[in-house]
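Novice: From the sequence below, what's the structure:
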Amino acid sequence: MRHFFRLALFCAVAFAQQQVDWIWSAHYVVTMDAQRRVIENGAIAVTDDHIVDVGPRAQIDRAYTAKQRLDRPNSVLTPGLINTHTHAAMSLFRGVADDMNLQDWLNKFIFPAEAKNVNREFVQWGTRLACLEMALSGTTTYTDMYYFEDTVAATTKEAGLRGMLGETIIGFPVADYKTPQEALAGTEKYLQAYANDPLIIPAVAPHAIYTNSDETLVATRKLADKYKKPVVIHLAETKTENDEALQKRHKTPAAALDALGVLNGWTVAAHGVWLNDADLKILKARGTGLAHNPSSNTKLASGIAPVMKILNMGIPMGLGTDGVAGSNNDHDLMEEMDLASKLQKVSTMDPRVLPAEQSFAMATIIGAKALRMDNMIGSIEKNKRADIIAIRLDEPNAVPMYNVYSALVYSLKASDVSDVMVNGKQIVRDRQMLTLNAAAVMAKANEYQKSVAKSLQLK
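Specialist: Sure, this is the predicted structure:
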């Protein structure tokens, strides 16, 4: 009889358990929810593309049974990192031109290099290389601006990453379109093709105020609004950009874009280094999201964005790597968290500003808000998309650990990321990319290095 009751109890518990696709567990779960819960010995239940539940492991194990498990007792689980600004395919130009100012970098090296080398195949392999690097360093969502963006989108889906991907509109002939009018027409087809994609948000990406006519800038806003998609644009990156706008327009770049109506809608603006108080009031009123690129801004000596002033005004500002052709050289968002915090401390001469928890928030939930995607990603919560990463805590740089946010921002490295899930699908396991052939991608990158160097007559 006792055996019968035990069996009945077991059956009742098993029957009561909900079956899910995955349970991920670890020593810590950093949720980044509104309460900023850090759950010790925590677990996450996932079904299809979304999070079903998160809590202590014992609680999750009582409530759910999983088809697959990932147990990482010496790790921390966090939301996937969000790179709010980059140019993925430019990975194949990594280090092609270093140690110069932005205008010389663009006009003497990058634009000529693109004219001689960029085509659809180049973009495909460059994006594969970027997705490989981003995934292995914990980035699950990225915002892009480049050419042949439909190929960027297809390659991003192949890799299993999530992207807000903008087709570049620029006022001179480039690899995919020779005029802004052609680019706008091609972009419309791209917006239609990816209108309801689960991983891709297509965007319209006018390069900047100084590389487009006013008519083109207005047209980009109208096109984006027609399809309820975002505009992605560079804004107030350099003093030169700011000074030229003041001289020619008698307005700052932000004020000029606002006067044209370009900021009146879903907008993600990259850099925001040279923004005054009036500019910030405009961005706040318009709901513009910003992307802070600390490595790029320091390497090009563009300046230090007023991050604390921006965040204190309630303007969402995420973190970005920018392109890796010399303005940064890698897609390591963990490095950006560290540098962002330290730059604010030294620029304000206050070691208390932008503490680790806030910097990590910029790479997760605040970045999601900057993209207007915080209803989907940026934190580990019920019904949000299952974008999760596992980071090891058993390497020498991780011990001892007194504060998990301190470790995430100041101690842990991209190479400590072991596992990555995007939209409920595991794409990295034990530091092995499951969706891309890493050896083939890197071999192709080395082939391109030779052809790019030859085209630019580099030694």
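Novice: per the record, what domains does this structure have?
Specialist: 2-78+390-433, 81-370 (automatic domain parsing).
Novice: Mind putting those into a markdown table with mean pLDDT, distance to Ile380 and mean neighbour count?
Specialist: Every C-beta, even on glycine, is put in place using the N, C-alpha and C of the backbone. As requested, the domains of the chain are exported to a markdown table (pLDDT from 0 to 100; distance: least, C-beta to C-beta, whole Å; neighbours: other C-beta atoms under 10 Å):
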| stretch | mean pLDDT | distance to Ile380 | mean neighbour count |
| --- | --- | --- | --- |
| domain 2-78+390-433 | 92 | 4 | 17 |
| domain 81-370 | 96 | 9 | 21 |
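Novice: Point out the one among those that comes closest to Ala445.
Specialist: domain 81-370 (5.2 Å; C-beta to C-beta).
Novice: Can you check the distance spanned by that closest one, start to finish?
Specialist: End-to-end distance for domain 81-370: 13 Å, by C-alpha to C-alpha, to the nearest Å.
Novice: just how off-centre is the helix or strand where Tyr448 lies within its chain?
Specialist: Using DSSP states H and E, Tyr448 maps to helix 438-455. Centre-to-centre, helix 438-455 and its host chain are 24 Å apart (C-alpha atoms, centre = their mean, to the nearest Å).
Novice: what do you get for stretch 449-459?
Specialist: 30 Å.
Novice: List of residues touching it?
Specialist: Leu92, Phe93, Val96, Phe109, Pro112, Ala113, Lys116, Asn117 (C-beta atoms under 8 Å, 6 or more residues apart in numbering).
Novice: The domains of the chain: which one's closest to Glu381?
Specialist: domain 2-78+390-433 (5.1 Å).
Novice: sec struct for Gln426, please.
Specialist: Counting by DSSP: H, G, I helix; E, B strand; the rest coil, the backbone at Gln426 sits in strand.
Novice: distance of it from Ile82?
Specialist: Distance of Gln426 to Ile82, computed by C-beta to C-beta, to the nearest Å: 19 Å.
Novice: still on that earlier bit, and the furthest pair within the contacts of stretch 449-459?
Specialist: Most distant of the contacts of stretch 449-459, by C-beta to C-beta, are Leu92 and Pro112, 14.7 Å apart.
Novice: can you tell me which residues contact Val218?
Specialist: Contacts of Val218 (C-beta under 8 Å, 6+ apart): Leu260, Gly261, Val262.
Novice: Mind checking which of these land in helices?
Specialist: Using DSSP state H, the members of the contacts of Val218 that fall in helices are Leu260.
Novice: Reformat the contacts of Val218 as JSON lines; add distance to Thr86.
Specialist: Below are the contacts of Val218 laid out as JSON lines (distance: C-beta to C-beta, whole Å):
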{"residue": "Leu260", "distance to Thr86": "26"}
{"residue": "Gly261", "distance to Thr86": "27"}
{"residue": "Val262", "distance to Thr86": "21"}
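Novice: What average pLDDT does the helix holding Tyr448 get?
Specialist: For helix 438-455, mean pLDDT rounds to 95.
Novice: Can you give me the buried ones in it?
Specialist: Neighbour-count burial for helix 438-455 flags Ala438, Val441, Lys444, Ala445, Tyr448, Gln449, Val452 (criterion: 16 or more other C-beta atoms under 10 Å).
Novice: could these be laid out in JSON lines, adding distance to Asp322?
Specialist: Formatted as JSON lines, these follow (distance: C-beta to C-beta, whole Å):
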{"residue": "Ala438", "distance to Asp322": "23"}
{"residue": "Val441", "distance to Asp322": "21"}
{"residue": "Lys444", "distance to Asp322": "23"}
{"residue": "Ala445", "distance to Asp322": "19"}
{"residue": "Tyr448", "distance to Asp322": "20"}
{"residue": "Gln449", "distance to Asp322": "20"}
{"residue": "Val452", "distance to Asp322": "19"}
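Novice: Closest to Thr211 out of those?
Specialist: Closest to Thr211, out of all of the buried residues of helix 438-455 and judged by C-beta to C-beta, is Val452, at 22.6 Å.
Novice: where along the stretch 151-300 of the chain do the helices fall?
Specialist: For the stretch 151-300 of the chain, helices defined by DSSP state H, counting those that start in this stretch occupy the ranges 180-193, 214-226, 239-249, 253-260, 277-286, 294-299.
Novice: Specify the stretch among the ones you listed that is closest to Ile315.
Specialist: Taking the helices of the stretch 151-300 of the chain one by one with C-beta to C-beta, helix 277-286 is closest: 5.3 Å.
Novice: How far away from the center of its chain is the closest one?
Specialist: 23 Å.
Novice: quick one: terminal-to-terminal distance for stretch 269-278?
Specialist: End-to-end for stretch 269-278, by C-alpha to C-alpha: 16 Å.
Novice: what does stretch 260-275 give?
Specialist: Stretch 260-275: ends 18 Å apart by C-alpha to C-alpha.
Novice: Out of the contacts of Val218, which is nearest to Asp144?
Specialist: Val262 (19.3 Å).
Novice: roughly how far apart are that closest one and Lys284?
Specialist: 16 Å.
Novice: Next: Leu408.
Specialist: For Leu408, the distance to Lys284 - C-beta to C-beta - is 28 Å.
Novice: now do Val46
Specialist: Val46 is 36 Å from Lys284, by C-beta to C-beta.
Novice: Please apply the same query to Tyr190.
Specialist: Distance from Tyr190 to Lys284, by C-beta to C-beta: 30 Å.
Novice: Could I get the CA-only coordinates of the helix holding Tyr448 as PDB?
Specialist: Extracted in PDB, the C-alpha atoms of helix 438-455 (Å, rounded to 0.1, in the frame of the first residue of the first chain):
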ATOM      1  CA  ALA A 438      33.900  29.000 -37.900                       C
ATOM      2  CA  ALA A 439      36.900  27.600 -39.700                       C
ATOM      3  CA  ALA A 440      35.400  28.400 -43.100                       C
ATOM      4  CA  VAL A 441      34.500  31.900 -42.000                       C
ATOM      5  CA  MET A 442      38.000  32.700 -40.800                       C
ATOM      6  CA  ALA A 443      39.600  31.100 -43.800                       C
ATOM      7  CA  LYS A 444      37.500  33.300 -46.100                       C
ATOM      8  CA  ALA A 445      38.400  36.400 -44.000                       C
ATOM      9  CA  ASN A 446      42.100  35.700 -44.600                       C
ATOM     10  CA  GLU A 447      41.400  35.400 -48.300                       C
ATOM     11  CA  TYR A 448      39.800  38.800 -48.200                       C
ATOM     12  CA  GLN A 449      42.700  40.300 -46.300                       C
ATOM     13  CA  LYS A 450      44.900  39.600 -49.300                       C
ATOM     14  CA  SER A 451      42.600  41.000 -51.900                       C
ATOM     15  CA  VAL A 452      41.800  44.100 -49.800                       C
ATOM     16  CA  ALA A 453      45.400  44.800 -49.100                       C
ATOM     17  CA  LYS A 454      46.300  44.500 -52.800                       C
ATOM     18  CA  SER A 455      43.400  46.800 -53.800                       C
END
